[in-house]
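In: with the sequence up front, the predicted model follows.
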Amino acid sequence: MKTGHFEMVTILLAPVILMDIFQIYAEEWDCWITWTENCRLC
């Protein structure tokens with residue numbers, strides 16, 4: 001019973017954790033893109 005509950009929690013949390021990681025990477029990628037564009041403008 002405990003393992004089943006743990007698996008359910010993991011399945012529910014996995015998308016949230018993945019979205020969190022994706023958001024962090026997206027922000028860093030966005031910063032990198034703007035930085036390179038700013039360098040090109042210089």
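Out: Perfect, thanks for sending it. Residues are numbered from 1 along each chain as shown.

In: what helix or strand is residue 4 located in?
Out: In this assignment (DSSP states H and E), residue 4 forms part of helix 2-41.

In: starting at the chain centroid, how far to that helix?
Out: On the basis of Cα atoms, centre = their mean, to the nearest Å, helix 2-41 sits 0 Å off its chain's mean C-alpha point.

In: what count of nearby residues applies to residue 7?
Out: The criterion is other Cβ atoms under 10 Å. On that basis, residue 7 has 10 neighbouring residues. Placement of C-beta: from N, CA and C, glycine included.

In: before we move on, what about residue 31?
Out: Neighbours around residue 31, by other Cβ under 10 Å: 10.

In: ok, back up a step: list the buried residues of the helix holding residue 4.
Out: Within helix 2-41, no residue counts as buried by 16 or more other Cβ atoms under 10 Å.

In: and residue 32, how close does it get to residue 3?
Out: 41 Å (Cβ to Cβ, to the nearest Å).

In: to clarify, my last question referred to residue 12.
Out: Noted for residue 12: a distance of 15 Å to residue 3, by Cβ to Cβ.
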